[in-house]
Structures are given as C-alpha cells and as structure tokens.
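> give the three-dimensional model of this entry:
(chains A and B)
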Protein chains: 2
Amino acid sequence: MTQATTSERTHTGNPRPANTTAPAPGHVTTGPIRGSRKVYSSPEGHADIRVPFREIALDPSANEPPLRVYDTSGPYTDPEEQIDVRQGLPKVRTPWLARRGFSPIAPREVRPEDNGNASGDHLVAPCPAPHRVLKGADGQMVTQYEFAKAGIITEEMIYVAHRENLGRLKAAEGATERLQDGNSFGAALPEFVTPEFVREEIARGRAIIPANINHPELEPVIIGRNFLVKINANIGNSAVTSSAADEVEKLVWSIRWGADTVMDLSTGRNIHNIRDWILRNAPTPIGTVPLYQALEKVGGDVAKLSWDVFRDTLIEQAEQGVDYFTIHAGVRLQHVPLTANRVTGIVSRGGSIMASWCLNGHRESFLYEHFEEICDIMRAYDVSFSLGDGLRPGSIADANDAAQFAELETLGELTQIAWAKGCQVMIEGPGHVPMHKIKENMDKQLRECGEAPFYTLGPLTTDIAPGYDHITSAIGAAMIGWFGTAMLCYVTPKEHLGLPNRDDVKTGVITYRLAAHAADLAKGHPAAKLRDDALSRARFTFRWEDQFNLSLDPDTACAYHDETMPREAHKTAHFCSMCGPKFCSMRISQDLKEDAIRLAGMEEKTKEFREAGGKVYVPAE
Amino acid sequence: MTQATTSERTHTGNPRPANTTAPAPGHVTTGPIRGSRKVYSSPEGHADIRVPFREIALDPSANEPPLRVYDTSGPYTDPEEQIDVRQGLPKVRTPWLARRGFSPIAPREVRPEDNGNASGDHLVAPCPAPHRVLKGADGQMVTQYEFAKAGIITEEMIYVAHRENLGRLKAAEGATERLQDGNSFGAALPEFVTPEFVREEIARGRAIIPANINHPELEPVIIGRNFLVKINANIGNSAVTSSAADEVEKLVWSIRWGADTVMDLSTGRNIHNIRDWILRNAPTPIGTVPLYQALEKVGGDVAKLSWDVFRDTLIEQAEQGVDYFTIHAGVRLQHVPLTANRVTGIVSRGGSIMASWCLNGHRESFLYEHFEEICDIMRAYDVSFSLGDGLRPGSIADANDAAQFAELETLGELTQIAWAKGCQVMIEGPGHVPMHKIKENMDKQLRECGEAPFYTLGPLTTDIAPGYDHITSAIGAAMIGWFGTAMLCYVTPKEHLGLPNRDDVKTGVITYRLAAHAADLAKGHPAAKLRDDALSRARFTFRWEDQFNLSLDPDTACAYHDETMPREAHKTAHFCSMCGPKFCSMRISQDLKEDAIRLAGMEEKTKEFREAGGKVYVPAE
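Numbering: from 1, shown residues only, chains lettered A, B, ... in the order given. Below you'll find the predicted structure:
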C-alpha cells in the first residue's frame, strides 16, 4: 500500500469570499475557494510528483482535522502562483516525458484555414507560451495503455492513484464502520488505490488517463468505473471573441467549480489559436471533436469532407496537445436508415454530419474505413479515443432504439481495434432515456465494449422541462453513474434553448458534481461519505460557516443564508433559519442528545432534563 | 369504460405572457399560463361534475390537436372567473355534500390563543367568505374510505377518475405502439381509470382522496401508487404579515406551477385566521401539522402540551376544512434512545417536539395513546391521516437506521387502526437517503403499511450541496416515485439555509413536477409520454413557440431562448440556438428525414440529395 505522505506544501487559506464575478478583461478568475486552501502532497518516494488537493478548515469547536477534497481547479486557486495566460501553466509533466525519450519534431505549419481564414483585427494572436511538439516513433511506447500492458507504471499512474485515494487511508485507519456501504453493480472498488491497481485497470482497458504527450501542463486524471465518477464541461468560442483570455476564462471557471475534463467545442474562426491558448493554460484534459474543424476547413460543405482534411486536422490538434478526440466512427452508412422513423432523427452534430456524408455518396464512413490509420495517428501522441455516439437518442421516444444500439455494437468492434493499436478508449453514451431504460444502456455498453469507460451526456429522463434540463439530466446522470458510467457530460439550464452564460456553466458543473457524488456514495466508494458526514455534523452543531465551506458551492450557500439571516451573529446562531429560533428540531434534538439519552440511564436523564426546565425554545437573541 | 365527453366550456387562450411577477398588494396572480387555455370536461352523465384541464394549442403547421394536460391551478388561471379572495372560491362540492345529509353544526368558538393572542393592528381579520361547518354523526358514512368500503362511488371518485385519464382514451384509440412501456415494480396501472377502479383502490387503502367535508371549494385529487405521481408544496406565514392576500398568493403561486396539494406550516400569530383565508381560496387539498398550533397555544412549552389542547386543535382545524393532518404518532418513547448515536439526531420538528415530550415525563406519546380518539375526530370530517415520520433521517449517515424503521413499523400498526376506524391514511417518508438505500424504504413501507400511499420528502441523495437541495432531492424523488411513492414533498433551493422566496417556490415546484413526470414515464403510465412526444416533435420541426408552451415552465423556456436569440424571427428559425445556423444537427437530420431515407429507396434518394447540392448549412438570414 502506498503511503500518503508528509511532504506537503501548504498555503494559508484566505477567508475572503473568492472573486466569483467575471474577472477584468485580459484576466482569469483566481484565488482560493471560500474557506479552503490549496495543499500539495507527494506519494512516498516521488517528490517530483506533487498532487494538488483542497483543504477545508473547520471551526476549532468541531475538534476535527481539516477535510481534504479532490481539486480540479489547477494553479488558479493557489495564491502563490503567478498566473499569466500568455506564459501558460507550469509544465509539470516535462521531466516525466523527458525520461521517455521522445524527440521534438518540426510541427505542422499553421495555415490560414486552421483559423477560418481570420485575418487582421479578426485574427486572435497565437499564444506566446513556449510549446515543443513531441511525437512517438514507430515501435516506441507512447500511450498509457502501452506502458500498462508492458507492466510499466508511469508517473501519471502514480499521480492518479495518490489523487484518488483522498482520505481513504485516514478513513481506513479510523474506521469504526464498514467503509464500503453501497451497491457497485459489479464494479471492483478497491479499499485503497495503488499505482499497480491503476496500471492493471488501464491494461484491461477499464480506465484511461487522457494525457497527450504534447500537454505537459496536465494534472493527470483517471476515468474508469472503479474510480471516482468524473464530470466534463463543454465550452466553445464566442461568435465575437473579445480576447483570448475570455476564452481561457471559460475553462478556468469550469474547473474552479469541479469540471474534471473540458471539451472545446468551438467552431468558426480562430479555433486553432484559441485552442492553443486553452491548452497552454489547461491543467485538466481537453477534448475536442476534430470533425467540426475539418468541416470548417472545407467551407462547411459536407460533400467536400475527406479523409485527407480530417487526417490533417487530427495531426494539427494532436500536436497542440488535445487529450481526447471524439470520433464518430460508429455512424455507418447502414445505420442511417434506422433513424428514419425517429421522432427526433439524429441530434448529434457529428452524427448528422457523418450521416449526411455517407448518404451523399451512398458510401461507407471515411472514419470507419480509415479507423486503423486514425489509431496510428492518435497512438503516436497518446490522444485517447472518445468513440462518439452520433446516433444517440434525442428524445424519450427514441431511447434504446435500433439505431442507437447498432452504433453501440460498432463502437465495441472499434474498441478492440483501438486497443490492438495501443490506444486508450472511452465510449460516449446517451442522451434522452427514461429511468427504466437507463440500466440497459450501461449493461449493454459494458458487454459490447469490453468494459471500456462509459462517458454519457445526462441522460435526460424527460423531454418536457426545457430550462431545467440540468435537473432532468442530473437524475439520469446520478443513476447511470451509480450503474457504472465513468464520466458524466454536464448539461446546463440552457440546453435546447441557448448558449450558457457564466452562471449557467457554474450551475451545470455544480449539478453534475452533486450527481457524481451521489453516484460515488451509492457505489460505496470508500471515503466518499466523509464529506457528507462532516457537513452533517457541522449542520447538527450549527457550525454555519463550516456547513457553507464544506458544500460544493460555498458562495451560494452563504448567500442564501444571508437572504434570511443577514447578520454576522446569525452565522453562529443555534437554530435553523428555516424554522427560526422556535420549532428548531435540530436544536431540540441536540438538547436531547447532549443530555446523553441512553437506554440505560434514560429515566435519570429524563428527570434532569425536566428539572432543567425541559426547554424547547431557545431565547431569540 | 367512462367516455370522455363533449360537454366542454372553453376560453380563448391569451397569448400574452402571464403575469409572473408578484401581484399588487391585496391581489393574487391570475391569468392563463402562456400558450394555454382552461377547459372543463364532464364525465358522461355527470354534468354537475366539471373537471378542469389545461389545453396547449399547437401551431397549425403541426397538424396536431391541442394537448390537454392535468391542471392544478384552480379558477385563478380562468380569465372568466372573478377572483376575490374575500369571497373565496366557488363551492363546487356543496351539491354533492348536500346529498349526503350532513347537518351543519355550531362551530367551535374562535379563541384569542388560536391566533397567538394577536390583537389590534397585529390581528389579521377573519376571512369574510361564508363557511358553514359540517360534521358527520356517529354511524353516518363520512369518509371516502367508508363509502368505498360500502361499494358506493362518490362524486369525488368520478371526478378524479376523469381527471386522471387525461388523454388515455385518445391514446388508446390511436395507439400504434404499446401504451405501457415501463417498469412499475408491481403497481397495477390501469389502461383506463374508471370510477369503480378508484373506489376499489380507496377501499383497499391503496389510495386516498383528501377531502374534508368542510372544504367544499376543493377540486378533488387522488393520491395512490396506481395513479399519477403527485407533488406537495409547503407554505408558511411570514413573521410580519402585510395582508391576508399575500398569504393566499403563496398558495396560488404554488398551484399555478403544479403543486397538487399544499401544506400550511405556519407558526406564530394569526395562524387560525390565515388558515381560513387559505382554505376558502384553495382548490387543492390543504394539509397541516396540528401539533405546531397546539404548541403555540401552550406558549411553546413542550411540558404543557396535552391531549386536551391537541384535541381542541384537531377540531378547530377540521372545522375549518383542512384535508389532511400530519400526526406524529409513531414517535414512541421507546424509539427516542435509538436516535442517540445519530449524526443529525431528530430533524423533524414534530418528531423532536414529541421526543422531547416523551422524554420530559418519561411517558408514552399522547398521540400514540389517544390514537383511536384522533381517528374518531378525523373520521367525522373526513380529514385524512398523513402519518408523520418524526424520526426520518436528516443525513446520509442516518438513513435506514433502527430509529427510522422502528417508527415505520409503528406507522404500519397505526394504519390498521385508522382503517378500522374508517379513516383515509397515507404515510410520510424520508428524508436523506443515498441512492442504493432508496428502494428498501419503498419496499418496507409497502410491506409494513399495507400499501397505504407513501408520501416522501425528497429523499436527498447527498448532504454536500446546500443551495442545490432541490436537485439532490429530485434525484431521490424521481427514483422513489418510480418505485411506488404516491406523492413527493418538494424541496426548494433554500432548504437547510433560509426561507424560500417566490422564485424558490417556483423552482421547487417545477423541479418536483419534472421528477414526478420522470417517475410516471418510468412506471409506464399510459399516456404520460404523449407530452414528451409532442414537445420533441415541436423541437425537431423547430416550432419554438410550441416547444416553450409544451414545457413545464413556458416563461423560463422562452426567456432563455430570448437571451441568445432575442428577435421574433428567431422563434421561427430552422436551427437550434445552441449550435447556431451552422452545425445544426436537427436541421441536417430533418433534411435527411425529409428526403425519406428508407432502406428500399436509399440509393435513388441519395442521388437526389446529392444533385440538390447536399446542403448541410442553412443560409443565415
């Protein structure tokens, strides 16, 4: 068992509420999350591996150590880091990659069409942060999958093992109850995560660490059924880009609140340069859909799409450092007719583009036909596959239909090919699915795709609540996460209606964090419950500040409390604001508890309670 | 099979956005919901029974009839009704009750302590709406349960049967697919609801119609596992009551967005008079917790609580017309010690009061000891029991523990007594429960309580998201609703933090409506999917106005669309605002579909598609 270590560097937490309004132009949001401080911890014997955590300090009256939580936010929440988006983030993986003997190559030259032919004032300048392009040679081990298969534990594997453990050791040491209280539906959650366990899971194809060798700024993350459930947030460029920092801010804002990975779904002009700014400033894995840019390069004319332009785009983005590509290679010509009688046809952008391309020439998908070449390219940089579900259902009526499942079967076939080529693979999933049809999705995915990690959008459990689809989908997301999905793609309140703004993105991320946590609890992840328990103890003993700080969104929790009870004294009030000082069940119950009601001493205690006045009401201040 | 009928009175829909800002002082929110009109329909042969529905008109291009949906909003959304809260609502049940031969009685005299001894300017005036108090005599049949057992179908039963069917007949007639696609976990959902089916369900104790004979304004609602899942919203008086209309507005606002029942959890001053205003203006069942008022009457001193003051309060509230009472008779002395080691003790207000009372005298609960007398009182007015879960878990740590389940077993025992006394009964449930422990709650409740309807609060599936507990609980609510819970008590974003404002109430109600609908879909309720399908068709064919109007919250859906695409022309745009005119999968997919892709004619169609230019991009206007 790897030992959690003592080599820690900590920063004094800043109790000021963090700046959560939009930053000044040219800047991104920085500073700690309310009540937290950034800490780093290294696995024993690996001083060069610094894993970030967030530590939530508790009131001294709690008599509890600070609670350490998983931290996706990167250096932006560390007050000691100098953040300059022009310089990019520290390249933490460079020494690890150096040991693997990659030679820098001459990068592909940037062409005007990479940025949608933007020029002059319309052109976003390239990111000045230095970037050396690496590529694996033929026969050289590059991917985490290849290392894992060869029995080699990489620094990334050690990193994620330490990152995932998160309190498990402490929980295991002090455990008075069974750590694993849950139903994992056949997942094999370890009591403690070792680097060797990580390696085995990757070698079996059950987990991936999306980690392009051209993304040295990455803080590695593992995605798999036997690890904590992850969430993804989508961002995209604005029609009018005011500055590159504004685009980077979308990333920074998403990871601040808990996005584990971020997909850049930009289209239109400047996408190459904006992607560069994002990657050089991204501590999380970045995913893209290369098909979008390929289509831009041919002026949006599907008929002109070709393997050549797609191949060129894969190389362009792989060199930039994208960690995973959505590849819609499962949309085959023969599947298109299966969608003809659907209520909502094809709702995936990539899926509809490929279906159109196939139909246009009555020909097989070039993604399917060139799949092995795609694998060869992605392997050389360790870009992970996210095999796209181009035929996912877009309505309750279309859930689990022939088109969806035919594509899923094809994805299973492609998974085997990608593995044989040495690539890491995850599989995308639906969509809109009523509750009673969710488990069938998970079970079929595990069966067809050899337990490769499942990465689902929601699913939305009803179609009738536009404006609230973060909630209709959180229901499905929590359930499918419980059943075994490894990563949940967020949905914002604007889904189906418009483009998410800053508040929508935060709402989407927090909603998915809570859904992922509900799934972790139900699966029985060791130590997942520690945070719930800490918060509930804070709640029961009226440590209001602790309750806010332990929550997923301390700013909102505090602001809501302020609305009803604005005064500072209320933050130490021994009653709930919901019921007021009278009728406070927590207060009454705490009185009862403090009187140490026990079966044994009950009559005596009862007498004391009565003699003390049997108070239920607490005097209002 | 009862026939849906032709005797309808309809009003022209008003396309103006409804007034959703707070109404002027002294007034309540009125006017139709956006894009809808109120319609009434009578079951064949029952012209005196007018059941309200809401009809959503669709764009002529849809070539679809208007969609009829369940309508909880009462006369307030009918532009032809004259709303005057001083007069109260029309007494639709008076003729039905008259036939049952109840004699008006001299009402209990209102005492100063009923209103917390408020006087002068602090006293809210009584509601001037006329109110005659009825009471059943010994041996006279009063309750829906008694009628059902005697084989008699009441007007209320006919009413709810017609109300529940809602499109089932039409669906059954035009059905090309199986109507019931779901997993109902043993519930017996009928293809069509007949009054006789309603009677049987009530006689078996599996459903209730909370309908105090002193609440003639009621539009009856059925709560049971084999009917549509219902939701409850809680309201409570303000510390400073500016006007009685403000208190009525809370009710009106809740039912406008879909609350099936409303609980008045007021404490403090004026509660008697405010309750009167609410009842005389409530088309939905109203529930209360009489213990709160009883405690007020003894100055908040639990030690002074007694059977006498409680009994007096039951009669007071029963005469006013309260439809169901939460009675915490399952909190027995012997259960209190079981909570001693909990993380969050007793979180129910009623539960903590009763635990304190029991402990105070080391004596058995007076609610438990006088349970038969409580039954006798409630039977005489047909007040339904909502047997309170005073020991529900307040944290993930305490879920499904010995205290909770001991109480549930006691509630099962009390259910049998209440049935023997002729009363209608439902059972309250948790609380905070992780996903993997939810089904156990439902299964045990069905087993212990003879399938009496279950009425749960959430449950919340994690403790770590204060500020988002409408979502943590919607996950649990949707699941437990699917498993068989008959009514879901809403949770607002302010849960644990503060008092919900107008927006919070709406958010809570809509969130629970979508959770209830997700449950109905998963159970396989016949015709539940009609609304999803109608909305999805509207979505796929870019009928934006139809999409908004078919949604649970048309105002928000439209407002969100406006944020990205404000112009009127955008409401007929043939692309999604999410992707813009380029990359619109719906558009591409619709093109594909319109080209009638079929296996048979595929090659030919492909040629046509290509010759026509194979367009994917739609020209921006």
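
> what segments of the stretch 151-300 of chain A are strands?
A:207-208, A:223-224, A:230-235, A:261-264, A:286-288 (DSSP state E, counting those that start in this stretch).

> just say which of those strands is most tucked in.
Greatest average neighbour count among those goes to strand A:207-208 (a mean of 30), per mean count of other Cβ atoms under 10 Å in any protein chain shown. All C-beta spots, glycine's among them, are computed from the backbone N, C-alpha and C.

> and it, which strands flank it?
Strands adjacent to strand A:207-208 in the sheet, as given by DSSP bridges, are strand A:223-224 (antiparallel).

> beta-bridge partners for the residue in the stretch 1-150 of chain A that chain B sits nearest to, please?
When you check the stretch 1-150 of chain A against chain B by Cβ to the nearest Cβ, the closest residue turns out to be A:Val69, at 9.5 Å. Using DSSP bridges, the bridge partners assigned to A:Val69 are A:Arg54.

> give me every residue that touches the nearest residue to A:Lys439 once chain neighbours are set aside.
Here the nearest residue to A:Lys439 in space, its sequence neighbours aside, is A:Phe483; by Cβ to Cβ, 6 or more residues apart in numbering or on different chains that works out to 5.5 Å. Listed by Cβ atoms under 8 Å, 6 or more residues apart in numbering or on different chains, the contact set of A:Phe483 reads A:185, A:438-439, A:442-443.

> likewise for A:Glu156?
With Cβ under 8 Å, 6+ apart, A:Glu156 has these contacts: A:93, A:96, A:144, A:209, A:211, A:220.

> what's the distance between the residue nearest to A:Ala57 when sequence neighbours are not counted and A:Arg54?
Among residues not flanking A:Ala57 along the chain, A:Pro66 sits closest, at 4.8 Å (Cβ to Cβ, 6+ apart). Summarising the geometry, the distance separating A:Pro66 from A:Arg54, computed by Cβ to Cβ, to the nearest Å, is 10 Å.

> dump the residue contacts of A:Val298.
A:304-306, A:309.

> got phi/psi on A:Met487?
As for A:Met487, its main-chain torsions (degrees, to the nearest 10) stand at phi -140, psi 140.

> was I right to think it contacts A:Val221?
No - using Cβ atoms under 8 Å, A:Met487 is not in contact with A:Val221, being 9.3 Å away.

> find residues that contact each of these two.
A:230, A:260-261.

> which one of those residues is nearest B:Phe366?
Comparing these against B:Phe366 with Cβ to Cβ places A:Lys230 closest, at 52.8 Å.

> quick one: the closest one and A:Thr261 touch, right?
Yes - here A:Lys230 lies in contact with A:Thr261, judged by Cβ under 8 Å, at a distance of 6.7 Å.

> quick check: neighbours shared by those two?
The contact sets of A:Lys230 and A:Thr261 overlap at A:221, A:223, A:487 (Cβ under 8 Å, 6+ apart).

> check which residues of stretch A:382-392 are buried.
A:382-392 (16 or more other Cβ atoms under 10 Å in any protein chain shown).

> burial of A:Ala399, as a residue count?
For A:Ala399, the tally of surrounding residues (other Cβ atoms under 10 Å in any protein chain shown) stands at 24.

> got the contact list for it?
Under the criterion of Cβ under 8 Å, 6+ apart, the neighbours of A:Ala399 are A:393, A:430-434, A:437, A:459.

> so A:Arg275 makes contact with A:Gln320?
Yes - counting by Cβ under 8 Å, A:Arg275 touches A:Gln320, with 5.8 Å between them.

> ok, and the closest non-adjacent residue to the residue of the stretch 201-350 of chain A found nearest chain B?
Sorted by distance to chain B under Cβ to the nearest Cβ, the residues of the stretch 201-350 of chain A start with A:Gly345, at 3.3 Å. With Cβ to Cβ, 6+ apart as the measure, B:Ser589 is the residue that lies nearest to A:Gly345, at 3.3 Å, once sequence neighbours are left out.
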